[in-house]
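Visitor: Got a predicted structure here, sequence first:
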2 protein chains.
Amino acid sequence: MTRLTRDDIVVASGKRFATYGYHGTSMRDLGDDLGILGSSIYAHVGGKHELLVAVVERASDLFSASAAAAIALGGDPDDTLKALVAGHIDVLVDHAAEAKTFLNEAWFLEESDRLHVIQIRNDYEAVFRRTIQLGVDDGTFRRGVDVEVASIYILSILNAIERWFRPNGRLDRAELATDMHRFIVEGLT
Amino acid sequence: MTRLTRDDIVVASGKRFATYGYHGTSMRDLGDDLGILGSSIYAHVGGKHELLVAVVERASDLFSASAAAAIALGGDPDDTLKALVAGHIDVLVDHAAEAKTFLNEAWFLEESDRLHVIQIRNDYEAVFRRTIQLGVDDGTFRRGVDVEVASIYILSILNAIERWFRPNGRLDRAELATDMHRFIVEGLT
DNA sequence: CCTACCGATCGGTAGG
DNA sequence: CCTACCGATCGGTAGG
């Protein structure tokens, strides 16, 4: 047994926060997961809230990087949309705990940290909005689409993945991305 | 000041649970909201978990009633879908606290209550699945739609409403229902 | 519904 | 990272 790093503790925090919530997790619970005492965690971090900040920050970095990568790919608006959908799924599947904590527990951050997260989420959503707007402008998507609301619908479908998708289920992530993109573009008809 | 009823306490619990979560709510917080002591709540209920059960039960009754009403309306699958969407929006808007608690905190119910809620959610989702399947069968919706996944997408969009929709915002609930139905049926194109 | 509590657990600290 | 704690708060109860 080698010594734990701050990273180990942040990873374990993410798992606990994702499953039981920030308020449903005690420092002693966390210590149990790590094989140390709850009080020993304070050798690595200043407090419980700092762990929430660290977990949420990881997730927001991943989402931001995904959006940047989708833009960097180039292509028409529909290509960008495809990349945004696949990238979002990747983050949710590969970093489920951090993403769940980001989506569900960020509300419990202290004021300034919470505002910062809202800012990052808004920047991320703006990439979706701009992509759809470009698609409406060039005729890829239909005129009259409410760009703002459509972006929310798309992100709603994407974010809900953490509530039902299991990597070893009937669909793999590539099939999910394809099916979801088709639903977003064509709907039920 | 007249005496409080059990109902008053359940309503206040829903609001607290929706905003701060079950674990983020103490009996003393609840008492403060109601103008009584936390310990006085035990004159009306057996325990904190009982309040969560009561709040979640209200929401599940409302969702079940909405699905039953949509079915009772009759009409073709697309009419039923419209009614399901509008009914779900009504529950989320008119009973926001209970619905949020149902969607986000039911996980913290005790085993048997949690399984019961999962059963009710599954029955509710089954109404969506059957409606879409009927639409695929009669040609209203396209062949090849993954009925199970499409139902999840639709419910994802619907459930996320509690995270962004404000009744006094740019859209009213009728506009939202119309826009959402169109997005579900036609997508972006 | 309040008074007056209870034991358990919470986040966190001093010192090693 | 542990020992040995701390004050605060938790869900809950007995008795009125």
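Guide: Great, that's in hand. Quantities reported herein were computed from a predicted structural model and do not represent experimental measurements.
Visitor: Which positions in chain A make contact with chain B?
Guide: With Cβ under 8 Å from any Cβ of the partner chain as the criterion, chain A comes near chain B at residues A:20-24, A:104, A:108, A:132, A:135, A:140-142, A:145-146, A:149-150, A:152-153, A:155-157, A:159-160, A:163-164, A:171, A:176, A:179-180, A:183-189. (Glycine included, C-beta is placed from N, CA and C.)
Visitor: Which ones among these map onto helices?
Guide: A:20, A:104, A:132, A:135, A:149-150, A:152-153, A:155-157, A:159, A:163-164, A:176, A:179-180, A:183-186 (DSSP state H).
Visitor: What sits closest to A:Gly135 if chain neighbours are left out?
Guide: A:Pro77 (3.4 Å; Cβ to Cβ, 6 or more residues apart in numbering or on different chains).
Visitor: OK, contacts around the one you found?
Guide: A:131-132, A:134-135, A:138, A:140-141 (Cβ atoms under 8 Å, 6 or more residues apart in numbering or on different chains).
Visitor: For it, give its distance to DNA strand D.
Guide: 49 Å (Cβ to the nearest atom of the strand, to the nearest Å).
Visitor: confidence score at that residue?
Guide: A:Pro77 carries a pLDDT value of 97.
Visitor: Now neighbour count too, for the contacts of A:Pro77, in CSV please.
Guide: Below are the contacts of A:Pro77 laid out as CSV (neighbours: other Cβ atoms under 10 Å in any protein chain shown):
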residue, neighbour count
A:Thr131, 26
A:Ile132, 25
A:Leu134, 17
A:Gly135, 23
A:Asp138, 11
A:Thr140, 18
A:Phe141, 24
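Visitor: Just the element for the spatially most central residue of chain A, please.
Guide: By Cα atoms, centre = their mean, the mean C-alpha position of chain A lies nearest to A:Ala99, the distance being 3.9 Å. Taking DSSP states H and E as the definition, A:Ala99 sits inside helix A:96-105.
Visitor: Give me the angle between that helix and helix A:147-159.
Guide: Following axes from the mean of the first three to the mean of the last three Cα atoms, to 10 degrees, one obtains 130 degrees for the angle between helix A:96-105 and helix A:147-159.
Visitor: where in chain A is pLDDT low?
Guide: Within chain A, the stretches with pLDDT under 70 are A:1.
Visitor: at 90 instead, please
Guide: Regions of chain A meeting the criterion pLDDT under 90 cover residues A:1-2, A:187-189.
Visitor: Do a quick rundown of the strands in it.
Guide: With DSSP state E, there are no strands along chain A.
Visitor: Near DNA strand D, which residues of it are found?
Guide: For chain A, the contact set with DNA strand D under Cβ under 7 Å from any atom of the strand comprises A:3-4, A:31, A:35-37, A:39-40, A:43-44.
Visitor: among those, which are in helices?
Guide: A:Gly31.
Visitor: Identify the farthest-apart pair in the residues of chain A next to DNA strand D.
Guide: Distance extremes for these: the farthest pair is A:Arg3 and A:Ser39 at 15.9 Å, using Cβ to Cβ.
Visitor: What is the neighbour count of the residue nearest to A:Ile132 when sequence neighbours are not counted?
Guide: Excluding its sequence neighbours, the residue lying closest to A:Ile132 (Cβ to Cβ, 6+ apart) is A:Val147, at 5.0 Å. By other Cβ atoms under 10 Å in any protein chain shown, the residues close to A:Val147 number 18.
Visitor: was I right about A:Val147 contacting A:Gly135?
Guide: No. With contact defined as Cβ atoms under 8 Å, A:Val147 does not reach A:Gly135; the gap is 9.1 Å.
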